[in-house]
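K.L.:
here is my input, please return the structure:
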Amino acid sequence: MVERAAVVAAARAAGADAVRIAPALPLARTADALGAAFARGDLAAWPFDADYARRASDARSLLPGARSVVCIAVAYATPAARVGRGRGRVSNYAWSLDYHRRLRALLTTVAAEIDRLAGDVVTAVACDTAPLAERAFAERAGLGWIGKHTNLIAPGLGSFVFLGEVVTTLELAADAPLRKTCGSCRRCVDVCPTGALRGDYTIDANRCISDLTQRRGAIPRELRTAIGDWVWGCDLCQDVCPPTRRGRAGGAAFLPLDEQTRAPDLTALLRLRSGQFKRRYARTAIGWRGAAILRRNAAIALGNGLDRAHVPALATALASDPHPGVRGHAAWALGRIGSPRAFAQLGAARAGERDPWVRAEIDAALELRRPIEVFQAR
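P.N.:
Reported below is the predicted structural model:
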């Protein structure tokens, strides 16, 4: 018989900062909550449906006969430095080598030890990519509680934690859930520039900056100014969270690879091409997306910087970037900066642009000139 203590010891030895165990019984309330979120359209940009909600809420979908879920947390918080002018912000989980690989290696080590102790293969590993409601299982295990920012808050660690699970057919002694909530605190809700957090422990991911900077396609015009200088992810709601501010920092493995990874130069990012993207970002958590996503985000950040010195770089992107999504957002950025040279570049590009969506973005940007002309006429 495999003892709980041996499993916890194996996880600690592999590098886990916190370990708790939950029964693998289906999470009916989580399935209902996910279904309600999908019905509201909270995750409309992603291919989730009722079947996903059912599978994610039942560990047996990952491993038939599952009885226990070993929930593991690894702290990754890294002290943030001030981002200089002309540079973008990146969520600190993406500053270092891709956490998926590191965490999967940890989980695989723990699973192998459980299998060895059991004398048979009795485990399956989940690391963000499998359909498993990891925050809900971690909450059931008492690893932490889900905050109003919808992230798990682990006592002593905060919410800057990577979560992973080892699902097993063994029946291990389970831990009790914590009896904690965020109470009346709503700092995360108040700091969110887009109003994505409702304050009732739910989120409209369509408005979440972290979600917006990772999705394909156009970012809604009404949300672009609120994105500020974020080019990948967003940490605002966690940065103000009291338990997270008091939480333990991650190890040296989570320090930024370099300054360009932590706070990229925006004009350099606007010129990023596929080969450069692969060399710089393939080993990071940004690597699953392409260069065009980062160029689009850089264009928005440059527009929000309102620095006329960046007009030439944006004009070049508008005129020659091969991706219409980048050209369209560069047009918006030029309109936001609103200098005479910016409007001149928009007018020049309008004549040669063939993509209907990009032309619409140029026209919308040029419309911003009218209030200026009316004001000057007065």
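K.L.:
so Val69 is in which element?
P.N.:
Secondary structure assignment for Val69, by DSSP states H and E: strand 68-75.
K.L.:
sheet partners, orientation included, of that strand?
P.N.:
Looking at strand 68-75 with DSSP bridges, its partner strands are strand 18-23 (antiparallel), strand 161-168 (antiparallel).
K.L.:
possible to save the ones you listed as JSON lines with mean neighbour count and distance to Ile227?
P.N.:
Any C-beta I mention is one placed from the backbone N, CA and C, and that applies to glycine too. As requested, those are exported to JSON lines (neighbours: other C-beta atoms under 10 Å; distance: least, C-beta to C-beta, whole Å):
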{"stretch": "strand 18-23", "mean neighbour count": "23", "distance to Ile227": "32"}
{"stretch": "strand 161-168", "mean neighbour count": "27", "distance to Ile227": "24"}
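K.L.:
distance to Val240 and mean pLDDT for these - can I get that in JSON lines?
P.N.:
Listed next are the strands paired with strand 68-75 as JSON lines, based on distance: least, C-beta to C-beta, whole Å; pLDDT from 0 to 100:
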{"stretch": "strand 18-23", "distance to Val240": "22", "mean pLDDT": "98"}
{"stretch": "strand 161-168", "distance to Val240": "17", "mean pLDDT": "97"}
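K.L.:
can you give me how far the helix or strand following the strand holding Val69 is from the chain middle?
P.N.:
Using DSSP H and E, the helix or strand that directly follows strand 68-75 along the chain is strand 89-90. Strand 89-90 sits 11 Å away from the centroid of its parent chain (C-alpha atoms, centre = their mean, to the nearest Å).
K.L.:
hang on, the earlier thing: so which of the strands paired with strand 68-75 is nearest Gln276?
P.N.:
Closest of the strands paired with strand 68-75 to Gln276 is strand 161-168, at 27.1 Å (criterion: C-beta to C-beta).
K.L.:
now the strands for the stretch 151-300 of the chain?
P.N.:
Under the criterion DSSP state E, counting those that start in this stretch, strands of the stretch 151-300 of the chain are mapped to 152-153, 161-168, 230-232.
K.L.:
give me the sheet partners of the shortest one and which way each runs.
P.N.:
In this case it means strand 152-153. Strand 152-153 is paired, per DSSP bridges, with strand 145-146 (antiparallel).
K.L.:
what does the strand it pairs with contact?
P.N.:
135-136, 139, 152-153, 178, 180-182, 201 (C-beta atoms under 8 Å, 6 or more residues apart in numbering).
K.L.:
narrow the residues you listed to those that are buried.
P.N.:
If you count burial by 16 or more other C-beta atoms under 10 Å, the buried members of the contacts of strand 145-146 come out as 135-136, 139, 152-153, 178, 182.
K.L.:
one step back: report the backbone C-alpha coordinates of the strand holding Val69 in CSV.
P.N.:
Output of strand 68-75 as CSV, limited to C-alpha atoms (Å, rounded to 0.1, in the frame of the first residue of the first chain):
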residue,chain,number,x,y,z
SER,A,68,-6.9,10.6,-6.2
VAL,A,69,-5.4,13.8,-7.6
VAL,A,70,-2.0,14.8,-6.3
CYS,A,71,-2.0,18.7,-6.6
ILE,A,72,1.3,20.4,-6.8
ALA,A,73,2.3,24.1,-6.7
VAL,A,74,5.6,25.7,-7.7
ALA,A,75,6.2,29.4,-6.9
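K.L.:
low-confidence stretches in this protein?
P.N.:
In the predicted model, the chain carries pLDDT under 70 at residues 370-378.
K.L.:
let's see that with 50 instead.
P.N.:
Counting by pLDDT under 50, the chain shows low-confidence ranges at 374-378.
K.L.:
in it, which helix has the most residues?
P.N.:
Looking only at the chain and at elements set by DSSP state H, the helix with the highest residue count is helix 99-118.
K.L.:
list the contacts of Arg198.
P.N.:
189, 204.
K.L.:
the stretch 201-350 of the chain: helices as residue ranges?
P.N.:
209-212, 221-227, 236-239, 242-245, 259-262, 266-270, 274-281, 291-305, 311-320, 324-337, 340-352 (DSSP state H, counting those that start in this stretch).
K.L.:
now render those as JSON lines, adding mean neighbour count and distance to Ala126.
P.N.:
Below are the helices of the stretch 201-350 of the chain laid out as JSON lines (neighbours: other C-beta under 10 Å; distance: least, C-beta to C-beta, whole Å):
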{"stretch": "helix 209-212", "mean neighbour count": "22", "distance to Ala126": "21"}
{"stretch": "helix 221-227", "mean neighbour count": "16", "distance to Ala126": "31"}
{"stretch": "helix 236-239", "mean neighbour count": "22", "distance to Ala126": "22"}
{"stretch": "helix 242-245", "mean neighbour count": "18", "distance to Ala126": "24"}
{"stretch": "helix 259-262", "mean neighbour count": "16", "distance to Ala126": "27"}
{"stretch": "helix 266-270", "mean neighbour count": "21", "distance to Ala126": "33"}
{"stretch": "helix 274-281", "mean neighbour count": "15", "distance to Ala126": "25"}
{"stretch": "helix 291-305", "mean neighbour count": "25", "distance to Ala126": "26"}
{"stretch": "helix 311-320", "mean neighbour count": "20", "distance to Ala126": "40"}
{"stretch": "helix 324-337", "mean neighbour count": "26", "distance to Ala126": "32"}
{"stretch": "helix 340-352", "mean neighbour count": "16", "distance to Ala126": "47"}
